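Participant: coordinates for the following, if possible.
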Amino acid sequence: QLQLVESGGGLVQPGGSLRLSCAASRSTLAYYTIGWFRQAPGKEREGVSCISSSGGLTNYEESVKGRFTISRDNAKNTVYLQMNSLKSEDTGVYYCAAGSYYPCIPMDTWGQGTLVTVSS
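Facilitator: A predicted model of the protein is given here:
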């Protein structure tokens, strides 16, 4: 059964960058649509970005367009989220998830999350 592990979170100053990774094990990531989601303190989880199994289709939540880039390397069984020009409102726990359908509704398998804190 597919398992997902996120990494790359941490503390960064406003305007900085981070790259999150979502690594898969026990199955081949290439079969799945992958999404990144986040949950800020006191708020509901929201979708951030989604990428189709082939990588040919991507979408982004409005507030991250032009700053975040989702990509995948199926040979490495990994999906990435490059986050640039980070803002304090990007703070939260970031989760990757796998599903069968684009654009990432519904998702069947979730990682444990990685914390991103944007603060000076």
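Participant: host element of the residue nearest to the spatial centre of the chain?
Facilitator: Among the residues of the chain, the one closest to the centroid is residue 36, at 2.8 Å (C-alpha atoms, centre = their mean). With elements taken from DSSP states H and E, the one containing residue 36 is strand 33-39.
Participant: touching, residue 79 and residue 58? I think so.
Facilitator: No. Look at residue 79 against residue 58 with C-beta atoms under 8 Å: they stay out of range, at 10.8 Å. Placement of C-beta: from N, CA and C, glycine included.
Participant: overlap in contacts of the two?
Facilitator: 51, 70 (C-beta atoms under 8 Å, 6 or more residues apart in numbering).
Participant: who has more neighbours out of those two?
Facilitator: residue 79 (28 against 15; other C-beta atoms under 10 Å).
Participant: quick one: contacts for that one?
Facilitator: Applying C-beta under 8 Å, 6+ apart to residue 79 gives the contacts 21-22, 29, 34, 36, 51, 70-73, 96.
Participant: that one belongs to a strand?
Facilitator: Yes. Residue 79: assigned to a strand according to DSSP: H, G, I helix; E, B strand; the rest coil.
Participant: helices or strands next to the strand holding residue 36 in the packing?
Facilitator: strand 18-25, strand 46-51, strand 68-73, strand 78-83, strand 92-99 (3 or more C-beta pairs under 8 Å, 6 or more residues apart in numbering; DSSP states H and E).
Participant: please name the bridge partners of the residue nearest to the centre of the chain.
Facilitator: In this entry, residue 36 is beta-bridged to residue 49, residue 96, by DSSP bridges.
Participant: returning to what we had before: ok, and what's touching the strand holding residue 36?
Facilitator: 20, 22, 45-53, 70, 72, 79, 81, 90, 92-104, 107, 113, 116.
Participant: drop anything exposed from those residues.
Facilitator: For those, burial is judged from neighbour counts taken by 16 or more other C-beta atoms under 10 Å, and it is met by 20, 22, 47-53, 70, 72, 79, 81, 90, 92-99, 102, 104, 107, 113, 116.
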